[in-house]
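**Student:** no sequence for this one, just the structure:
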């Protein structure tokens, strides 16, 4: 689950309609693979007790030669900013579904989103 610093539960990703449109443009195989990578990213971040910084999962230079190729080319019309936003929203969606609690700092909803696991907040 995702909460803001005031403990308000976040139940839906930001820009929900845009996010759903992008998801529909993906093949089932690509979407499933992206979810697996996102869950590995979340689990590994939690395991090493670090902040979850969305920009760490986004390719630095070339979307086309990464697992996010279909998100970039099909879902987001080869736009770097929209692709980063989509990946950030995908991470948010999967954190919302989890049982453990994550808090966030919203610098923007794309690559600069930072999440903290509940155990780190004191």
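**Tutor:** Good, I have the coordinates. This one's a predicted model, so the numbers in the text were calculated from it and none came from an experiment.

**Student:** ranges for the helices of this protein?
**Tutor:** Using DSSP state H, the helices found in the chain span residues 16-24, 28-47, 69-70, 80-97.

**Student:** how about the ones you listed in a markdown table, adding distance to residue 8?
**Tutor:** C-beta: built from backbone N, CA, C; applies to glycine. What follows is these, written out as a markdown table (distance: least, Cβ to Cβ, whole Å):
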| stretch | distance to residue 8 |
| --- | --- |
| helix 16-24 | 17 |
| helix 28-47 | 21 |
| helix 69-70 | 33 |
| helix 80-97 | 13 |
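
**Student:** of the ones you listed, which approaches residue 105 most closely?
**Tutor:** Closest to residue 105 of these, according to Cβ to Cβ: helix 80-97, at 12.5 Å.

**Student:** and the closest one, which residues are buried?
**Tutor:** Of the residues in helix 80-97, 82-96 count as buried by neighbour count, 16 or more other Cβ atoms under 10 Å.

**Student:** show me what it is packed against.
**Tutor:** In terms of contacts (3 or more Cβ pairs under 8 Å, 6 or more residues apart in numbering; DSSP states H and E), helix 80-97 is packed against strand 2-3, helix 16-24, helix 28-47, strand 113-117.

**Student:** could you dump the helices of the chain into TSV and include mean pLDDT?
**Tutor:** What follows is the helices of the chain, written out as TSV (pLDDT from 0 to 100):
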stretch	mean pLDDT
helix 16-24	96
helix 28-47	94
helix 69-70	95
helix 80-97	94
